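J.: Got a predicted model here, sequence first, then my questions.
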Amino acid sequence: MTEDSSTPRRPRHASLESLEEADDSLHAAKQIASFDESGSPVEAHGATGKRNRRSPAGLEPTDQPMSLAEEIAEEVARGDIEPQDRYESLKKGDTYITQLQKMTMPELIELARSEQVGDITGAKKQDLVFRILKERVKLNGLMFGEGTLEILPDGFGFLRSPDYHYLSCPDDIYVSPSQIRRFGLRNGTSVAGQIRPPKESERYFALLRVEAIQGEDPAKLATCVFFDDLTPLHPDRRMALENTPEEIAMRVIDLIVPIGFGQRGLIVSPPRAGKTVLLQKMAKAVLTNYPDAYVIMLLIDERPEEVTDMERQVKGPNCEVISSTFDENAVRHIQVAEMVIEKAKRLVEYGRDVIIFLDSITRLARAFNSECPSSGKILSGGIDAGALQRPKRFFGSARKVEEGGSLTILATALVDTGSRMDEVIFEEFKGTGNLEIILDRKLVDKRIWPAIDINRSGTRREEILLQPDEFRRICILRRVLGEMHPADAMELLTARLSKTKSNAEFLLSLKS
């Protein structure tokens with residue numbers, strides 16, 4: 001179909017600044033009527049080009065119904081409603097996608113029946129959310145949605161939901177290439193805005209207007225420095241995990257292995273040594289002590305029941321539990337990990353403190369190894385020579401930046417599994433971190449918790465994180481415990497800590 005330059009255009013309304021952006025989004029959505037999950041176009045009937053093109057029936061443009069963007073513009077031009085008022089009411093209304101995505105399956109089924117949504121038998125959660133939204137939008141006509149942007153190789157992108165672990169879903173929100181270019185959006189950017197439902201020839205919701213990027217004014221994105229251009233520094237701000245006198249494990253970590261914002265730490269653990277429980281307690285302590293910090297619990301190749309337990313235990317407004325269980329393929333593991341690290345980088349660019357708890361980096365490295373193109377050079381244990389470059393980039397992203405913000409990564413590494421590959425992966429990552437917590441199987445056998453080997457665990461440049469007097473007293477403590485067997489040392493330390501209400505009180509009780 002060719003462009004008809006003689007056909008008059010309907011006048012634009014200057015009262016709505018985002019009309020041009022909305023029209024671009026609608027035009028791009030029509031150009032690609034629908035896409036499958038891989039991003040390849042799906043043939044759709046009735047897809048048209050710009051609105052000044054003639055329809056197949058030969059209708060004049062003035063006879064065609066107005067687009068959603070033009071309806072908004074007409075309302076604003078007549079003064080019937082303020083644009084911001086309508087957008088704000090939509091955020092609080094019934095057509096806010098995020099609220100539905102957080103509901104459980106029984107709640108969604110009950111809601112669908114109460115609203116008389118048809119054909120819900122056997123529907124998956126994502127399909128059920130999609131059908132409820134399509135019914136609601138018939139009454140309201142507008143919706144508000146948000147998500148984390150994933151840009152596909154074809155140039156367009158989708159807003160994925162962390163509630164679905166960034167899986168491709170029917171209720172994903174399409175973002176046009178023109179919007180991505182205009183705002184300079186990148187992978188992992190959190191975008192919120194006005195959306196419209198899919199038309200008959202389309203499969204996805206489409207973003208009409210960008211309301212917020214990372215929860216702030218979209219104009220601020222132009223002033224942000226790229227993550228790779230930020231200046232990395234040694235961690236100098238302490239992350240205290242002590243919150244209650246009864247939580248002995250967190251008090252031990254504060255004394256033996258102090259953690260700073262921007263730390264890159266390994267928790268080295270044999271199987272069944274309590275590494276997952278330790279990560280869970282650390283995440284809960286961070287959420288309690290630092291409510292403004294953003295916590296992401298990333299579970300790779302874990303058991304489904306552990307994922308459920310983690311989701312119920314570790315929760316909060318600034319917390320995500322993202323997982324890819326052991327029954328998923330390696331490509332899925334990699335996609336989840338890359339979405340998480342890109343989102344964390346975008347938050348750091350905005351000056352946020354982000355903490356990623358990864359369980360485990362060994363299984364993530366296995367996934368990268370299985371999907372890495374063969375270089376012809378195989379290391380000991382069956383690892384390709386180039387397979388560890390991407391997981392090292394993931395782990396190496398942890399840093400304290402001079403311009404503000406930090407990215408902390410605390411990852412578990414498996415040892416004593418009987419696999420030569422796991423040993424090689426641990427050796428490759430051994431010198432890359434600036435913090436190590438070593439869990440000892442012998443302490444677990446004696447039922448001593450936490451099973452931390454005090455002598456082998458430690459933090460690089462810990463004197464930066466501690467006060468001079470505190471550092472001196474901890475050195476005295478380490479000198480005493482270093483002469484004892486690891487099990488005896490941990491038993492003595494936990495017994496003494498249980499008699500005091502805080503670490504400060506315990507350190508003051510030490511003799512000079």
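T.: Arrived safely. None of the values given here were measured: they were computed from a predicted structure.

J.: so what's residue 263 up against?
T.: The contact partners of residue 263, by CB atoms under 8 Å, 6 or more residues apart in numbering, come to 235, 239, 398, 408, 409, 410, 434, 435, 459. Every residue, glycine included, has its C-beta placed from N, CA and C.

J.: Mind doing that once more with 6 Å?
T.: 235, 408, 435 (CB atoms under 6 Å, 6 or more residues apart in numbering).

J.: Now which of the residues you listed would you call buried?
T.: For the contacts of residue 263, a burial check counting by 16 or more other CB atoms under 10 Å picks out 235, 408, 435.

J.: excluding its backbone neighbours, what's nearest the second one?
T.: For residue 408, ignoring the flanking residues on the chain, the nearest one in space by CB to CB, 6 or more residues apart in numbering is residue 355 at 4.4 Å.

J.: in the sheet, who's paired with that neighbour?
T.: residue 295, residue 408 (DSSP bridges).

J.: so when I look at residue 463, I'm seeing a helix, right?
T.: Yes: per DSSP: H, G, I helix; E, B strand; the rest coil, residue 463 lies within a helix segment.

J.: what's around it, how many residues?
T.: By other CB atoms under 10 Å, the residues close to residue 463 number 15.

J.: Please identify the helix or strand for the residue lying closest to it once chain neighbours are set aside.
T.: Excluding the flanking residues, the one nearest residue 463 by CB to CB, 6+ apart is residue 471, at 5.3 Å. Per DSSP states H and E: residue 471 is located in helix 468-481.

J.: Report all helices and strands that the following helix or strand past that helix contacts.
T.: On the C-terminal side of helix 468-481, the closest following helix or strand by DSSP H and E is helix 486-498. In terms of contacts (3 or more CB pairs under 6 Å, 6 or more residues apart in numbering; DSSP states H and E), helix 486-498 is packed against helix 248-256.

J.: could you dump whichever helix or strand comes after the helix it packs on to CSV, C-alpha only?
T.: Scanning forward in sequence from helix 248-256 by DSSP H and E, the next helix or strand is strand 264-269. Provided in CSV are the C-alpha atoms of strand 264-269 (Å, rounded to 0.1, in the frame of the first residue of the first chain):
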residue,chain,number,x,y,z
ARG,A,264,31.6,-8.6,46.1
GLY,A,265,31.4,-11.6,48.3
LEU,A,266,31.5,-15.4,48.0
ILE,A,267,29.8,-17.8,50.5
VAL,A,268,31.7,-21.0,50.0
SER,A,269,29.7,-24.0,51.1
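
J.: which secondary structure elements does strand 264-269 contact?
T.: Using 3+ CB pairs under 6 Å, 6+ apart, the elements in contact with strand 264-269 are strand 406-414, strand 435-438.

J.: Spell out the residue ranges of the helices in the stretch 251-400 of the chain.
T.: With DSSP state H, counting those that start in this stretch, the ranges of helices along the stretch 251-400 of the chain come out as 275-289, 304-313, 330-349, 361-371, 389-396.

J.: Among the ones you listed, which comes closest to residue 154?
T.: Comparison of the helices of the stretch 251-400 of the chain against residue 154 by CB to CB identifies helix 330-349 as nearest, at 16.3 Å.

J.: now that closest one against helix 361-371, angle please.
T.: 120 degrees (axes from the mean of the first three to the mean of the last three CA atoms, to 10 degrees).

J.: got the contact list for residue 424?
T.: Residue 424 neighbours (CB under 6 Å, 6+ apart): 380, 381, 383.

J.: do you know how far residue 298 is from residue 360?
T.: Using CB to CB, to the nearest Å, residue 298 is found at 10 Å from residue 360.

J.: right, I mislabeled it, should have said residue 226
T.: For residue 226 relative to residue 360 (CB to CB), the value is 29 Å.

J.: More neighbours: which of these two?
T.: Neighbours were counted for residue 226 and for residue 360 using other CB under 10 Å; residue 360 has more, 25 against 9.

J.: and the gap between that one and residue 101?
T.: 28 Å.

J.: do the same with residue 253
T.: Residue 253 is 35 Å from residue 101, by CB to CB.

J.: quick one, which of these two is more surrounded?
T.: residue 253 (24 against 19).

J.: State the distance from the closest residue to the more buried one other than its chain neighbours to residue 259.
T.: For residue 253, ignoring the flanking residues on the chain, the nearest one in space by CB to CB, 6+ apart is residue 241 at 5.7 Å. As judged by CB to CB, residue 241 and residue 259 stand 7 Å apart.
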